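Chemist: attaching a predicted model along with its sequence, questions to come.
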Amino acid sequence: MNLKISALEFVQEVKNGNISAEDFVAKTLERIQSVDDKLHAFLSVNEEAVVKAREIDKKVKSGDKVGACFGMPISIKDNMCIKDSKTTCASKMLENFVAPYDATVITKLKEQDAIFIGKVNLDEFAMGLTTEFSAFGPSKNPWNTDYVPGGSSGGSAVSVSSFECITSLGSDTGGSVRNPASFCSIVGYKPTYGLISRYGLISYSNSIEQIGPLTRTVKDTAFMLNIISGLDVNDNTTRDNKNEDYLSEIDSGIDGKKIGIIQEMVGDGIDPAVLSATKDAIAKLESLGAVCEEVSLDMVKYSVAAYYTITATEAGSNLARYDNLRYGYDFSVEGYEFNSYISKARKNFGPEVIRRMIIGGFVPSAGQAGKYFLKAMKVKSKLTKEVDEVFKKYDLLIAPTVPILPFKIGEKIDDPVSLFQIDINTVTANLTGKPAISVPFVISNGLPIGIQLLADTMQDKLLLQAAYALEQTVTLPEVPI
Amino acid sequence: MTKIGLEIHCQLTNLESKLFCSCKANYRDFKINENICPICMGLPGTLPRLNQEAVKKATIIAMALNCTTPDKIAFFRKNYFYPDLPKNFQITQLNIYGDTSIGGTGSIMVGEKKINITRIQLEEDPGRLIYEGSSSKNLITLVDYNRAGTPLVEIVTEPDFEGPKQVRDFVNILSDLLENLGVSDPGLDGAMRIDANVSIEGGKKVEIKNIGSFHDLEKAIHFEITRQESLHSRDISIIQETRHWDDKRKITVSSRSKEEDLDYRYFLEGDIPWVRIDPKTKAELKLKMPESISTKKERYVSKFNITPQVATVLSSDKFYSDLFEKSHTESNAKEIANIITTDLMGLVDTREKREESKITGTHLKDLADSIQSGKISRISAKNALYEIVKTGKDLSKVILELDLGNVSDESTILKIIQEVISDEPQAVEQAKSNPQTINYLVGKVMQKTKGKADPKLTLDLLKKQIG
């Protein structure tokens, strides 16, 4: 059984009866059994998966209508709710939280006969970019298990890149899908804000984050988008994409397209290997007929500061509900009054969450808001204006996904500010609501480098076409796990 | 000068569902914690789903209070920790970053006094706290989330009131107005909750919370003014604070909480995009707005010649005016207005009695018509009304069962007249010289017939008999 096939290949094989979903899922579970001790991508594995796959095989055999996924095993970042299963956010705070409802993306995938093979690791409440801040221990990069896999959707990226599932759903608040995709050499997608319903995604910074697929091919991302995108009554911020088919015309090419190279993302602090990879990527795009020019986005230099100010503010509010009164972990209220109880209960948050919540209590507070939060909002709106202007002239923007190569576990964990700076290339898409994708491009000294493309609002289809074109120019070695 | 301002929280009780989910807005009929769902419980991952009907209803309120209505509204988060608040923030509105609240400045008249409205905001109600245990040692706080997420409008006034009576008049007018608009039933327990800000000349502003009724509102303000004046007269400065109304002791008590130091860290609620209320929608809403109480009153006076006093009572109460609208015709309107204001109001003077009452517009129409055609007397009508309110039976049936029909048989009445004439020789003599006193004899006939003798016929016959 070849577990390395893409989602589209899997669907075709099951449809044609060449393989059974049950076999594939069983083998996938075995794979998890054998490699996940080393990788720690999974927080929980779905024991019912094989039974579910068997049902789908039955439907295929009897000629019944089968959903588009045909029993494809998917891993889900553990900050999305699946009814009756644990959703921990990799936090002690929600260690025993069992979701009583399905996230919209889960409902849609269930309708299409996807199989949730397990819930995967993340930085606690998606706050981090290495997966080291998981309360249940870090995930490891399958290219070199001494290295971080990126984050916060580290479990998603690891599980997809090491064949423990075919695709995964992560969430991207400031690069949390693209960053681990880049570090693990797979495709990571952050759609236009509002393209995918967030209902059931546990909020970290709700005004800028999106659910996004992590896949091994660009086409698989388009396939996933076809299933999970679109209006949702349960999320007032969703947009109508009129059932866009992201797979059709994906091979349209990029001949004549104008691409801006974001200067602020290839300057100071960039690793030479990353810079040279970016230059190669630009050369390849040009050889396909694209016109690449340097563009400058002045506000990018403030973007990380604005990003952390806004996300901390929203996180401080979004995570306030975890007072352990209505759900949470076992801790009796007996003998406490309300305020002392919640301050005690909230000690179960991990260090990174606490750090951001303290910032989140400060930056929007009376007397400080003008200096921090409101200023950050101003940067956000100026940056958006700048990017909107650029997209009047250019179809796409390009930059490396992450300015540096994957680093060793523990290497930067005590230096939060330098960790924050790594987000410099990814947060712009979140602050402006634009779609962005990380395409695996090269392995440099055994460590992956991804290239990022951005497009204008609701130009997701164009973005996928460009990403597909770039993907066709590269051949990558197989993951050594 | 005494200055009083109000913050009125009014639930939109007539809505079907809560502000951000499909649980019932009418939470009152549920068992504890049964009118809840993942959204109003603020479970991880849930998002608010704005009830568009609530936006419409709140806009109507803003219009009725002559407030400006912006073309775009936004929601904000008010962050604070409290056990009745499932998300530990409340989704509300405010105007600090531009006029984004559902209603801007407006005003209404209380008699000759203009009361200015600062703003109106649409927000969610928290859950309800229930305290158990007798002393602070074994005090237990229980939370019922059935109310959490119920649509609420907060109406904030300028400190325009000069005294408690004016406040009371205002809230009565406001309560009638909200009921007349069909947006709320202010009589429901907890549907209208009011905080008052009171300050006297030279003193700081004191906020009084936890006032349970309109009656207590007047008392609380009265108490607070007296308290502040007493401090002032002894040269003790009045500090800015929040006080609670203690409805057992009928005094205000300092909350001693740090409530006024709270920093709510307001910021935009990103989960609810700005809501457009375009001029077309506003025009449509305005068109569909029910007739205002004052226009209704004017119409009653000018069209039906009802006295202004009766018209005021009738128009300001939705229960009565609805009954009136359902029953009146050109010819019987005045009669019906009289039945309602003189007889019916005494019979259904509490909420419970109204709810139990079986009276319909048809009943009132039948009653008025029967009085006008002489089928029953006013006294009998009153007895019939009592029975109808209780049983809901048709008037014709009630007349039969209780034998209330007028005696209009000449020979029967004549017999009784003759009895009266022989019983009252003095009165008869008097009536001969002074025809106005004949009413005394009519009254005697009525007494003997238990009010059932046709009054017009009785008078005619009496006149003939006496000559």
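Modeler: Thanks, I have the structure now. Predicted model, so just to flag it, every value in this text is computed and none were measured. Residues are numbered from 1 along each chain as shown, chains lettered A, B, ... in the order given.
Chemist: going by C-alpha atoms from here, please, whenever you check contacts or count neighbours.
Modeler: Will do.
Chemist: which residue sits farthest out from the middle of chain A?
Modeler: residue A:335 (42.0 Å; Cα atoms, centre = their mean).
Chemist: that one sits in which helix or strand?
Modeler: Assigned by DSSP states H and E, residue A:335 belongs to no helix or strand.
Chemist: also the one 4 residues further on?
Modeler: Remark: residue A:339 resides in helix A:338-345, with elements defined by DSSP H and E.
Chemist: one more: residue A:439?
Modeler: Assigned by DSSP H and E, residue A:439 belongs to strand A:436-444.
Chemist: run through who's touching that strand.
Modeler: Residues outside strand A:436-444 that contact it (Cα atoms under 8 Å, 6 or more residues apart in numbering or on different chains): A:178-179, A:181-182, A:185-192, A:218, A:273, A:277, A:281, A:401, A:429, A:448-455, A:463-464, A:467, A:470-471, A:474, A:476-477.
Chemist: in that strand, what's buried?
Modeler: A:436, A:437, A:438, A:439, A:440, A:441, A:442, A:443 (16 or more other Cα atoms under 10 Å in any protein chain shown).
Chemist: just those now: which is nearest chain B?
Modeler: residue A:436 (20.8 Å; Cα to the nearest Cα).
Chemist: nearest residue to that closest one other than its sequence neighbours?
Modeler: Excluding the flanking residues, the one nearest residue A:436 by Cα to Cα, 6 or more residues apart in numbering or on different chains is residue A:454, at 4.3 Å.
Chemist: is it true that that neighbour touches residue A:463?
Modeler: Yes: contact criterion Cα atoms under 8 Å: residue A:454 and residue A:463 qualify, at 6.8 Å.
Chemist: and those two? Which one has more around it.
Modeler: Legend: neighbour count by other Cα atoms under 10 Å in any protein chain shown for residue A:454 and residue A:463, higher for residue A:454 (31 against 25).
Chemist: just to be sure, that one is in a strand?
Modeler: Yes: assigned with DSSP: H, G, I helix; E, B strand; the rest coil, residue A:454 falls within a strand.
Chemist: what's across from it in the sheet?
Modeler: For residue A:454, the beta-bridge partners are residue A:397, residue A:436 (DSSP bridges).
Chemist: now it: how far from residue B:73?
Modeler: Distance, residue A:454 to residue B:73, using Cα to Cα, to the nearest Å: 31 Å.
Chemist: for the stretch 301-450 of chain A, which residues are neighbours of chain B?
Modeler: Residues of the stretch 301-450 of chain A lying close to chain B (Cα under 8 Å from any Cα of the partner chain) are A:317, A:318, A:320, A:321, A:338, A:339, A:361, A:364, A:365, A:366.
Chemist: which residues touch the third one?
Modeler: Taking Cα under 8 Å, 6+ apart as the definition of contact, the neighbours of residue A:320 are B:81, B:87, B:88, B:89.
Chemist: let me see the contact set for the third one.
Modeler: Translated: residue B:88. Contacts of residue B:88 by Cα under 8 Å, 6+ apart are A:317, A:320, A:321, B:79, B:80, B:81, B:82.
Chemist: next one: the first one
Modeler: Contact criterion Cα under 8 Å, 6+ apart gives A:320, A:339, B:88, B:89 as the residues in contact with residue B:81.
Chemist: if we use 7 Å, what do you get?
Modeler: residue B:88 (Cα atoms under 7 Å, 6 or more residues apart in numbering or on different chains).
Chemist: name the nearest residue to residue 116, ignoring sequence neighbours.
Modeler: Chain wasn't specified; assuming chain A. Distances taken as Cα to Cα, 6+ apart place residue A:74 nearest to residue A:116, at 5.0 Å, with adjacent residues excluded.
Chemist: correction: the question concerned chain B.
Modeler: Counting by Cα to Cα, 6+ apart, the residue nearest residue B:116 is residue B:107, at 4.2 Å.
Chemist: partners of the helix or strand in which that neighbour is found in the sheet?
Modeler: Using DSSP H and E, residue B:107 sits within strand B:106-110. As defined by DSSP bridges, the strand partners of strand B:106-110 come to strand B:113-124 (antiparallel).
Chemist: tell me which residues of the partner strand come out buried.
Modeler: For strand B:113-124, using 16+ other Cα under 10 Å, the buried residues are B:115, B:116, B:117, B:118, B:119, B:120, B:121, B:122, B:123, B:124.
Chemist: closest one to chain A out of those residues, please.
Modeler: The closest of the buried residues of strand B:113-124, once distances to chain A are taken by Cα to the nearest Cα, is residue B:124, at 15.8 Å.
Chemist: residues contacting residue A:306?
Modeler: Here residue A:306 is in contact with A:376, A:379, A:380 (criterion: Cα under 7 Å, 6+ apart).
Chemist: count the neighbours of the first one for me.
Modeler: When neighbours are defined as other Cα under 10 Å, residue A:376 has 23 of them.
Chemist: please apply the same query to the one 10 residues further on.
Modeler: Counted with other Cα under 10 Å, residues neighbouring residue A:386 total 17.
Chemist: what of residue A:447?
Modeler: Residue A:447 has 19 neighbouring residues, counting by other Cα under 10 Å.
Chemist: before we move on, the earlier item: list just the nearest of the contacts of residue A:306 to chain B.
Modeler: residue A:376 (12.4 Å).
Chemist: which phi and psi does the closest one have?
Modeler: When quoted as degrees, to the nearest 10, the phi and psi of residue A:376 stand at phi -60, psi -40.
Chemist: find the nearest non-adjacent residue to it, please.
Modeler: Nearest residue to residue A:376 in three dimensions, chain neighbours excluded: residue A:306, at 4.3 Å (Cα to Cα, 6+ apart).
Chemist: for stretch B:59-69, buried residues please.
Modeler: Under 16+ other Cα under 10 Å, the buried positions of stretch B:59-69 are B:59, B:60, B:61, B:62, B:63, B:64, B:65, B:66, B:67, B:68, B:69.
Chemist: and the fifth one, what element?
Modeler: Looking back up the chat, that one is residue B:63. According to DSSP H and E, residue B:63 maps onto helix B:52-64.
Chemist: with just CA atoms, put stretch A:245-253 into PDB.
Modeler: The C-alpha atoms that make up stretch A:245-253 are tabulated as PDB, following Å, rounded to 0.1, in the frame of the first residue of the first chain:
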ATOM      1  CA  ASP A 245     -14.200  25.400  -8.400                       C
ATOM      2  CA  TYR A 246     -10.600  25.900  -7.500                       C
ATOM      3  CA  LEU A 247      -9.400  22.800  -9.400                       C
ATOM      4  CA  SER A 248     -10.700  23.700 -12.800                       C
ATOM      5  CA  GLU A 249      -8.200  25.700 -14.800                       C
ATOM      6  CA  ILE A 250      -5.500  25.200 -12.200                       C
ATOM      7  CA  ASP A 251      -3.000  24.600 -15.000                       C
ATOM      8  CA  SER A 252      -3.700  28.000 -16.600                       C
ATOM      9  CA  GLY A 253      -0.100  29.000 -16.100                       C
END
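Chemist: and that stretch, what's buried?
Modeler: Of the residues in stretch A:245-253, those buried (16+ other Cα under 10 Å) are A:246, A:247, A:250, A:253.
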